[in-house]
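[1] Build me a structure from this.
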Amino acid sequence: KIQKEQRIPEVSQPKTQHQIQETMSGRGLTSGKRPGRGGGMKKLGFMSFRSTMKEAFTGDDKDGKAAEATPANAINVINTVKKTFPGALSSSELALRVKSVLAGKGFEKEKSLLAVSLCCDEVNRDLEDDLRKNYGSNFSMGGLAGFPFGGVTSFGAMAHHIPEDGSCVVVYGPHVGVDYDGTIGKVNRRGRGGSGACCGSAAAAAAFVTMVRAGEREAPDASIPDDIIDAQQAYVGTALLPHGERLEKAFQPEVELPKALFDCQDGLMIKIVEKGAKEVAGEGLIALVGGIQINTPEKVSEYFLVKRFELRNNKGEVVEDLLDKL
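    Here you go, the predicted structure:
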């Protein structure tokens, strides 16, 4: 399998007031408009579904034209991944190395449970397939952009599913695509001409942050919307807000975006583990493998940039940092 890489959607620039005049009153998430900078009107609260879709996929190829699946273009993907995300491993290589390192710590397939928190995008399943070869069927904690929306309750439930006298392996992180053109934030998808946003949720969240910083939209008062129908996307945008300046100043915002999202998710996952670790029985350990998943076109191996690899006990304490062992 040729190794593959993916790129991140470019951070969308603020739209005009006319372009973002969508109301969310029917969802109970906004209370109207109020004056913004320069005398314009500023939208309140979270983005509507239509706005989210528009911002997420605004960079998709509309004419179906993009680089073709040739060996040269596949190599272009691989080179882009290695240059943009140095140290990234192919998903198959990552799975083998994680298995090797953890085997030395007492992790066996029959006594280990795999849990993943990766985005629901279908392009993210290759890594899960490789990991399942090592540990069997996985428990899923993740939602949009890879955030562990299952929270501490899902972690606790997973802990009670661990085989007796066993441990768990938790793999998590956001994702970003790289297409045949070497574009970060887009990927060529099966059965579709051209390439499109990857991760779309991340692209929409970045656009939301840009609008808030430009004064075109007001930051929501709460981190959780009243309406469950799009609660995950609302949370992704809100979680990214503190990283707005970081994205704005980045030389390559599309590369910085998944890094910022990882920092958001990493902090959240650590809180979840610290609170739920006591549900792991006996001497069971928690192996955390966090990083950025890099999607690539079909028939090109995807990659994973590991940013955290450690063991914790059922008190939530770090037992050993394993990052340098990969």
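[2] Point out where the stretch 51-200 of the chain drops to low pLDDT.
    62-67 (pLDDT under 70).
[3] At which residues are the strands of it located?
    Here the stretch 51-200 of the chain has its strands, by DSSP state E, counting those that start in this stretch, at 89-90, 112-117, 138-140, 167-172, 175-177, 186-187, 196-197.
[4] thought L326 was touching L89?
    Yes - L326 lies in contact with L89 (C-beta atoms under 8 Å); the separation is 7.3 Å. In this view, the C-beta of every residue, glycine as well, is placed from N, C-alpha and C.
[5] Give me the common contacts of these two.
    R97, V306 (C-beta atoms under 8 Å, 6 or more residues apart in numbering).
[6] neighbour count winner among those two?
    Counted by other C-beta atoms under 10 Å, L326 and L89 do not tie: L89 has more neighbours, with 21 against 15.
[7] The more buried one bridge partners, please.
    F304 (DSSP bridges).
[8] For G200, which non-adjacent residue is spatially closest?
    Among residues not flanking G200 along the chain, A56 sits closest, at 3.7 Å (C-beta to C-beta, 6 or more residues apart in numbering).
[9] Test my guess that the one you found contacts A197.
    Yes - using C-beta under 8 Å, A56 makes contact with A197 at a distance of 5.5 Å.
[10] now the strands for the stretch 201-326 of the chain?
    Under the criterion DSSP E, counting those that start in this stretch, the stretch 201-326 of the chain contains strands at 286-295, 300-301, 303-312, 318-321.
[11] Identify, out of those, the most deeply packed stretch.
    strand 286-295 (a mean of 26; mean count of other C-beta atoms under 10 Å).
[12] Let me know the average pLDDT across stretch 301-320.
    Taken as a whole, stretch 301-320 has an average pLDDT of 98.
[13] Can you give the distance from it to the centre of its chain?
    From the chain centre to the centre of stretch 301-320 is a distance of 16 Å (C-alpha atoms, centre = their mean, to the nearest Å).
[14] any chance of the strands of the stretch 201-326 of the chain in a markdown table, plus distance to K249?
    Formatted as a markdown table, the strands of the stretch 201-326 of the chain follow (distance: least, C-beta to C-beta, whole Å):
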| stretch | distance to K249 |
| --- | --- |
| strand 286-295 | 20 |
| strand 300-301 | 32 |
| strand 303-312 | 21 |
| strand 318-321 | 30 |
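[15] what's the neighbour count on T153?
    That count, for T153 with other C-beta under 10 Å as the rule, works out to 11.
[16] give the contact list for it.
    By C-beta under 8 Å, 6+ apart, T153 has no neighbours at all.
[17] repeat that with 10 Å
    T153 is in contact with M141, I272, G276, counting by C-beta atoms under 10 Å, 6 or more residues apart in numbering.
[18] Can you tell me which of the strands of the stretch 51-200 of the chain is nearest to A281?
    strand 167-172 (10.0 Å; C-beta to C-beta).
[19] Tell me the helices and strands packed up against that closest one.
    helix 91-103, strand 112-117, helix 125-135, strand 138-140, helix 151-159, helix 253-276, strand 286-295, strand 303-312 (3 or more C-beta pairs under 10 Å, 6 or more residues apart in numbering; DSSP states H and E).
[20] Which strand residues bridge the residue lying closest to L323 once chain neighbours are set aside?
    The shortest distance from L323 to any non-neighbouring residue, by C-beta to C-beta, 6+ apart, is to F309 (4.6 Å). Applying DSSP bridges to F309 gives these bridge partners: V289.
[21] any idea how far F309 lies from E93?
    14 Å (C-beta to C-beta, to the nearest Å).
[22] Need the overlap of contacts for those two.
    With contacts defined as C-beta under 10 Å, 6+ apart, the residues shared by F309 and E93 are L326.
[23] okay, now K83: neighbour count?
    That count, for K83 with other C-beta under 10 Å as the rule, works out to 10.
[24] That one reaches Q252, doesn't it?
    No - taking contacts as C-beta atoms under 10 Å, K83 lies outside contact range of Q252: 11.2 Å.
[25] what touches both of these two?
    By C-beta under 10 Å, 6+ apart, no residue touches both K83 and Q252.
[26] Using TSV, lay out the helices and strands packed on strand 167-172 together with distance to S48.
    Formatted as TSV, these follow (distance: least, C-beta to C-beta, whole Å):
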stretch	distance to S48
helix 91-103	35
strand 112-117	27
helix 125-135	29
strand 138-140	28
helix 151-159	25
helix 253-276	22
strand 286-295	27
strand 303-312	33
